[in-house]
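**Q** mind folding the following:
(2 chains)
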Amino acid sequence: MSSEGATAVQQHEIDLSGIDALLEPYLGKRGTVIPVLQSLQEHYGYLPRPALEYAAARMKIPLSRLYGVATFYAQFKMNPRGRNIIRVCKGTACHIQGSPKVAERVEEILGIKSGETTPDLRFTLEEVACIGACALAPVMTINDEPHGRLTPDKIKEILDSYE
Amino acid sequence: MYEKHLMICGATGCLSSGSAKVQQALEDELAKRGLKEKFRLVMSGCPGFCEVGPIIVIYPDEVFYCRLKPGDIPELVEKHLLGGEVIERLLYKGPDVDAPARFYDTIPFYQKQKFNVLHNSGIIDPENIDEYIMRGGYRAFSRALKMEPMEVINEVKKSGLRGRGGAGFPTGLKWEFTYRAAGDKKYVVCNADEGDPGAFMDRSILEGDPHAVLEGMLIAARAIGSDEGYIYCRAEYPLAIKRLKTAIAQAEEYGLVGENILGYGVNFKFNIKEGAGAFVCGEETALLASIEGKRGMPRPRPPFPANSGLWGKPTCINNVETYANIPLIVREGGVEEYVKIGTEGSKGTKVFALAGKIRNTGLCEVPMGITLREIIFDIGGGIKGGREFKAVQAGGPSGGCIPAEQLDLPVDYDSLTQAGAIMGSGGLVVMDDRTCMVDLARYFLSFTQKESCGKCIPCREGTKRMLEILERITEGRGEPDDLDRLQELASSIKDSALCGLGQTCPNPVLSTIRYFRHEYEEHINEKFCRAGVCKPLFEYTIDPELCNGCTRCARICPVKAISGERKETHVIDPEICTRCGSCVERCRQEAIKVTPVRREADVSH
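**A** Below is the predicted model:
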């Protein structure tokens, strides 16, 4: 479980100093749980537990409430992510044009499953329901850069171009 | 004054095929030649034809250039902009036209379309409110301000507009319920959480004509008596969110939003909420819970949001395309024009996203009542690679598939429902003979199962059991009773799930069993997947009659499963082959066939 190991290391170094400024616009208002989580994630790249604990205390809500919302939505990540985020589109148009084979090839090359991060934090592999670039199916994005009309044999070269 | 206007598609489809690089090249070229004052460059909304992107349309010449590359730009500037010459090699070409086609009305993709909701998309600069106003924008809203609320609602009722997001509930009626609901604080909410995989029409409207959605919401606010609205948009649509924010700021500056709007003593404030990625939030009560900062879980209705919605207040909630229809209806003489289009029970137009194994992928707007055949073959240009049409999936994971026999079905709410599909948000995914219908059903179920919020048992557990059955069928462990089990589970989930997502998720399974039962039976009884999708249920075999020994397949194979000398028949070792299909795509002879797994090998062990 390399990703957990990475979490333990990272959590030691969580710097909470920026959080107050970040929470400021939301305190005392209703309906702010999701925007707070979104800005925490933008700040840290994921949701470190100490940051969630701190935010819950400042917002005067139970940590379980933040945790429940954070784990409900696909956008929120509880573990550190890699330098490069790969998203293989799982939309219908991509599926029937071979996205499962593309995803399989990516998994084979990186040795990780969807949702996991390589131990060297170079890549995180995720799924996305549809990015709406159906004309280019099957599609994957790496750091929001789209790569379209994929076949399994093109994958290695594309991955090699990211450090 | 500009001599020419160049509209570059800046929507997601064209951006993915490189329109930003083309725009940069054009920007540089114009600057280099000192032509920026003469020619105006606009990143516009989507003209719909994603297949041939990146696209530039040049006005007033009305020339449509497609599949552009940055390298084409110097020629375009030199020959067209300065020399006034149309560059033939950059025009649209295809098997459906005899000669390169110059503009919308000569390109078959556009000929049967009717631009109503999309009439500004690709024509105006979506980040400039003046262009929206110049094309008649905000006139309907200022008219509505002079009308009584019930007059506005009656016009919407008379138009016959039904919700474009899924179930097709009459919009005017929904507004009337919210208008009549007791309460001094009411909300207008726009559902822009377009989550159906393969559907991107709402995104295109938001990116191409954001003011139309704002105007629709403002009119709704006027009708029901609301002073605050929310737009709940997927965070995966950053461009749409950016354009909405720009549009709201501009409307505020013009006094169309804010306090004492245009001196009529009414107020309105917009809020944007970014969704955090949950398909179930497309369901209205789940969406409202999500705005409130909770987990997006649906609740039983009644009470409907019209009576008790956001923070318990009466709430009018419609989707993007529905709101974008409103200005067309409420403008002077709008209803009379509006009802001329469409069928008895379904008025107006519908925007569809065409995707899958179709030649012309993209977005199209058609009058209700047009047939599927016209959409798929006349607008869509038929099946990619000249293969055979098998079915079209309408309405995403809540919809169903429609087979070739039903291609002449008119597209309206009621006909689609009768055929076992739904209008849904308007995704049409076309499938050919290489799509496995059992795998498709498994795919949709795995999607809905993953997205199930877990609140009610039929959806949480029922979809899991259905998925397990489908998985074992696609893995070759199907049992003869499985079809009955699937149908029984499906009907109990339909009857007992809490929300629309749960109640409709068995639809893809039911409709594939209804029209493609033989495929299920072949999977279960013969252990064969004819489409070559379910990996344990087929092998690739090279037809020695067709193979010419070109070695292309052997060179592409990632696992070196193919052997054979140049100019001699090649052979695939099924033990090594991973069924990735790279060789099939590569073979020019179509010599690689999908064949049943040879069982003899098992016997010899």
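
**Q** show me the contacts for residue B:299.
**A** Residues touching residue B:299, when contacts are defined by Cβ atoms under 8 Å, 6 or more residues apart in numbering or on different chains, comprise B:285, B:289, B:498. Backbone N, C-alpha and C define where each C-beta goes, glycine included.

**Q** repeat that with 7 Å
**A** When contacts are counted by Cβ atoms under 7 Å, 6 or more residues apart in numbering or on different chains, residue B:299 touches residue B:285.

**Q** excluding sequence neighbours, find me the nearest residue to residue B:472.
**A** Spatial nearest neighbour of residue B:472, excluding adjacent residues (Cβ to Cβ, 6 or more residues apart in numbering or on different chains): residue B:478 at 6.0 Å.

**Q** got the residues of chain A near chain B?
**A** Counting by Cβ under 7 Å from any Cβ of the partner chain, chain A comes close to chain B at A:31-34, A:38, A:68-69, A:72-76, A:90-93, A:95-96, A:98, A:101, A:129-137, A:146, A:148, A:151-153.

**Q** returning to what we had before: separation between the residue nearest to residue B:472 and chain A?
**A** 19 Å (Cβ to the nearest Cβ, to the nearest Å).

**Q** you'd agree that residue is in a helix?
**A** No: under the criterion used here (DSSP: H, G, I helix; E, B strand; the rest coil), residue B:478 is coil, not part of a helix.

**Q** that one: neighbour count?
**A** Around residue B:478 sit 23 other residues, with neighbours defined as other Cβ atoms under 10 Å in any protein chain shown.

**Q** after the helix or strand bottoming out on mean pLDDT in chain A, which helix or strand is next?
**A** Confidence across the helices and strands of chain A bottoms out at helix A:2-12, with a mean of 46, counting by mean pLDDT, DSSP states H and E. Using DSSP states H and E, the helix or strand that follows helix A:2-12 in sequence is helix A:19-23.

**Q** buried stuff in that following helix?
**A** A:19, A:23 (16 or more other Cβ atoms under 10 Å in any protein chain shown).

**Q** ok, residues contacting the next helix or strand after that helix?
**A** Following the chain from helix A:19-23 toward its C-terminal end, the next helix or strand by DSSP H and E is helix A:33-44. For helix A:33-44, the surrounding residues in contact (Cβ under 7 Å, 6+ apart) are A:18, A:22-23, A:26, A:47, A:51, A:55, A:59, A:66, A:69-70, A:76-77, B:274, B:276, B:290, B:293.

**Q** same check, this time on stretch B:104-113
**A** Contact partners of stretch B:104-113, identified using Cβ under 7 Å, 6+ apart, comprise B:49, B:64, B:92, B:96-97, B:101, B:360, B:364-366, B:370, B:374, B:378-379, B:381.

**Q** at 8 Å instead, please
**A** The contact list for stretch B:104-113, computed with Cβ under 8 Å, 6+ apart, reads B:48-49, B:62, B:64, B:92, B:94, B:96-97, B:101, B:360, B:362, B:364-366, B:370, B:374-375, B:378-381.

**Q** OK, contacts around the residue of chain A most remote from its centre?
**A** Distance from the centre of chain A peaks at residue A:28, with 28.5 Å (Cα atoms, centre = their mean). When the contact criterion is Cβ under 8 Å, 6+ apart, residue A:28 has no partners at all.

**Q** same deal with residue B:410?
**A** Neighbour list for residue B:410: B:343, B:369, B:370, B:371 [criterion: Cβ under 8 Å, 6+ apart].

**Q** count of residues packed around the third one?
**A** Number of residues near residue B:370 (other Cβ under 10 Å) recorded here: 23.

**Q** excluding its backbone neighbours, what's nearest it?
**A** Setting aside the residues directly before and after it, residue B:370 is nearest to residue B:411 in space (Cβ to Cβ, 6+ apart), at 5.6 Å.

**Q** tell me how far the helix or strand hosting residue A:109 lies from the chain's centre.
**A** Residue A:109 is located in helix A:99-110, with elements delineated by DSSP H and E. In terms of Cα atoms, centre = their mean, to the nearest Å, the gap separating the centre of helix A:99-110 from the centre of its chain is 18 Å.

**Q** so what touches that helix?
**A** Residues outside helix A:99-110 that contact it (Cβ under 8 Å, 6+ apart): A:86, A:88-91, A:113-114, A:118, A:123, A:125, A:127, A:137-140, A:150-152, A:155-156, A:159, B:558, B:580-581.

**Q** also stretch B:7-17?
**A** Contacts for stretch B:7-17 (Cβ under 8 Å, 6+ apart): A:131-136, A:139, A:146, A:148, B:19-20, B:22-23, B:26, B:41-47, B:50, B:53-59, B:122-123, B:200, B:203-204, B:207-208, B:237, B:239, B:362.

**Q** bridging residues for residue A:123?
**A** According to DSSP bridges, the residues that bridge with residue A:123 are residue A:84.

**Q** try the one 4 residues further on
**A** Beta-bridge pairing of residue A:127 under DSSP bridges involves residue A:88.

**Q** does it touch residue A:116 like I think?
**A** No: taking Cβ atoms under 8 Å as the contact criterion, residue A:127 and residue A:116 are not neighbours in contact, 11.6 Å apart.

**Q** for chain A, give me the ranges with low pLDDT.
**A** For chain A, residues meeting the criterion pLDDT under 70 lie at A:1-12.

**Q** domains for it, by residue range?
**A** A:2-72, A:84-160 (automatic domain parsing).

**Q** mind checking the SS state of the residue nearest in space to the middle of chain A?
**A** Against the mean C-alpha coordinate of chain A, by Cα atoms, centre = their mean, the closest residue is residue A:77 at 5.3 Å. With three-state DSSP as the basis, the three-state label of residue A:77 is coil.

**Q** got the phi and psi for it?
**A** The phi and psi torsions at residue A:77 (degrees, to the nearest 10) take the values phi -120, psi 130.

**Q** okay, now the closest residue to it other than its chain neighbours: neighbour count?
**A** In space, residue A:77 comes closest to residue A:46 once its chain neighbours are excluded; the distance is 4.3 Å by Cβ to Cβ, 6+ apart. The criterion is other Cβ under 10 Å. On that basis, residue A:46 has 18 neighbouring residues.

**Q** check contacts around residue A:46.
**A** Going by Cβ under 8 Å, 6+ apart, residue A:46 touches A:77, A:78, A:79, A:80, A:81.

**Q** cool, and residue B:528?
**A** Residue B:528 makes contact with B:522, B:537, B:538, B:596, B:597, according to Cβ under 8 Å, 6+ apart.

**Q** and if we set it to 10 Å?
**A** For residue B:528, the set of contacting residues under the criterion of Cβ atoms under 10 Å, 6 or more residues apart in numbering or on different chains consists of B:476, B:519, B:522, B:534, B:537, B:538, B:594, B:595, B:596, B:597.

**Q** can you pick the most crowded of those residues?
**A** When neighbours are counted by other Cβ under 10 Å, residue B:537 leads these with 27 neighbours.

**Q** correct me, but that one touches residue B:436?
**A** Yes: taking Cβ atoms under 10 Å as the contact criterion, residue B:537 and residue B:436 are neighbours in contact, 8.9 Å apart.

**Q** give me the common contacts of these two.
**A** In terms of Cβ under 10 Å, 6+ apart, residue B:537 and residue B:436 are both contacted by the residues B:474, B:523, B:529, B:530, B:531.
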